[in-house]
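This is a predicted model, with the sequence first.
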Amino acid sequence: MTIKEDLALPVGTTLDRFIMRKQEDFPFATGELSQLLRDIALAAKIVNRAINHAGLTDIGGAYGKQNVQGEDQQKLDVVANIRFIRALRNGGEVAAIISEEEEGIIQTGNMKGKYIVAIDPLDGSSNIDVNVSIGTIFSIYRRTSELGTEGNLEDCLQKGTEQVAAGYIIYGSSTMLVYTTGNGVNGFTYESSLGEFFLSHPNITIPKKGEIYSVNEGSFNHFPEGVQQYIELCRVRNYSARYIGSLVADFHRNLMKGGIYLYPITQKSPLGKLRLLYECNALAFIVEQAGGKASDGQRRILEIEPYELHQRCQLYIGSTDMVEEVETLLVARGVPSRHSLA
Ligand SMILES: O=P(O)(O)OC[C@H]1O[C@](O)(COP(=O)(O)O)[C@@H](O)[C@@H]1O
Ligand SMILES: [Mg+2]
Ligand SMILES: [Mg+2]
């Protein structure tokens, strides 16, 4: 490559620069949230490296313990959990963390930290060792308790409407970080040779309607009638069935192309499988900022009042017209409660 060719190569907007620019939009911003987003990006780079090398090192495979959900932890679940907690603790902006991999509230010791983070360190655990896209999901809240104290349960059980930022990282054919602070959704692609995230997908919006549906059809017989009816409609309309089994990856595809992801209640998961605080709220904030919709079949996900750290809920998320159609069918068929599935 000649010097001229090299110098002609565009250098995009780095995540850092973008965060700084966005901070200027908020005259009273003090930089803590910006720093927190950088801390998350740093941990994402480290976890990305661990994932890429998993096949060459011994951090692939099962860890041999179960998490609070009763799921077998993968070694990478544990590695990602430690890496994000460490980065958030060292960054100093976060008072307390809720993680899928830990039962209780994780105190960071940063008493002056203004923020609370809820995180799914590795999403799509069933796809870890088979080279299929996986992710990380995070929600950020301002604490409600006094500075100088530890984060408490009230800080952690805030409705999704109270999020100040949310995002995910997808470790796929490329590694991307997608986030919102309530002013639109932007995506950044990781350039590992430079160790930087660059703005690659500014102002992401989701089509109002799509032709992709993402659901684990293996549980079809156990789905509520309204969902069964919706899936039959998708088949009749010849929509594309696409299900990776990693929420982040299925969500990301549908965000880009239009579509709907459904995780209803089933016999196996009578309250739904996905977790409100560190899976559903973050993606609901993003999809709404991109012009889409997220509900549990009846309620707006962001309006659901949390009552416990690892509570589960149903999730219907994606293009507005598609989510509304499922809601209509569910209501028409009488949204079943967990008892009617017994
Ligand atoms: O195997 P199922 O029942 O279809 O569930 C798959 C769903 O469960 C999840 O793996 C749950 O997330 P974790 O991997 O973080 O536990 C989602 O990513 C995915 O969409
Ligand atoms: Mg998950
Ligand atoms: Mg997980």
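That came in fine, so what should we check first? Ligands and ions are numbered 1, 2, ... in the order given.

Near ligand 2, which residues of this structure? Just list them.
Listed as neighbours of ligand 2 in the chain under the rule Cβ under 5 Å from the ion: Asp120, Asp123, Glu279. To be clear about C-beta, it is placed using only N, CA and C from the backbone, and glycine gets the same treatment.

Could I get the full set of helices for the stretch 101-250 of the chain?
Taking DSSP state H, counting those that start in this stretch as the criterion, the stretch 101-250 of the chain carries its helices at 153-156, 225-236, 247-257.

Give the bridge partners for the closest residue to ligand 2 within the stretch 51-200 of the chain, please.
Proximity of the stretch 51-200 of the chain to ligand 2 (Cβ to the ion) peaks at Asp123, 3.5 Å away. For Asp123, the beta-bridge partners under DSSP bridges are Gly135.

Does it touch Phe138 like I think?
No: using Cβ atoms under 8 Å, Asp123 makes no contact with Phe138, being 10.3 Å away.

joint contacts of these two?
Residues touching both Asp123 and Phe138 (Cβ atoms under 8 Å, 6 or more residues apart in numbering): Tyr168.

In space, what's closest to Leu199 - neighbours in sequence excluded?
Leaving aside its sequence neighbours, Leu199 sits nearest to Thr13 (Cβ to Cβ, 6 or more residues apart in numbering; 4.1 Å).

Pull the contacting residues for the one you found.
Counting by Cβ under 8 Å, 6+ apart, Thr13 makes contact with Arg21, Phe198, Leu199.

Report how many residues lie close to the first one.
One way to gauge burial is a neighbour count; for Arg21, by other Cβ atoms under 10 Å, it gives 10.

Pretty sure it sits in a strand.
No: using DSSP: H, G, I helix; E, B strand; the rest coil, the assignment for Arg21 is helix, not a strand.

Give me the pLDDT for it.
Arg21 is assigned 82 on the pLDDT scale.

That one and ligand 1, how far apart?
As defined by Cβ to the nearest ligand atom, to the nearest Å, Arg21 lies at a distance of 32 Å from ligand 1.

Then the last one?
Using Cβ to the nearest ligand atom, Leu199 is found at 26 Å from ligand 1.

likewise Phe220?
As judged by Cβ to the nearest ligand atom, Phe220 and ligand 1 stand 12 Å apart.

tell me which parts of the stretch 1-150 of the chain are close to ligand 1?
Near ligand 1, the residues belonging to the stretch 1-150 of the chain are Glu71, Glu100, Asp120, Asp123, Gly124, Ser125, Ser126 when assessed by Cβ under 6 Å from any ligand atom.

and if we set it to 8 Å?
Neighbours of ligand 1 within the stretch 1-150 of the chain, by Cβ under 8 Å from any ligand atom: 69, 71, 77, 100, 120, 122-127, 134-135, 137.

that older thread, just so I know, which of the helices of the stretch 101-250 of the chain lies nearest Lys45?
Smallest distance to Lys45 across the helices of the stretch 101-250 of the chain (Cβ to Cβ): 16.8 Å, for helix 247-257.

And ligand 1, is that closest one touching that?
Yes: Helix 247-257 reaches ligand 1 (Cβ under 8 Å from any ligand atom) through Leu247, Val248, Ala249, Asp250.
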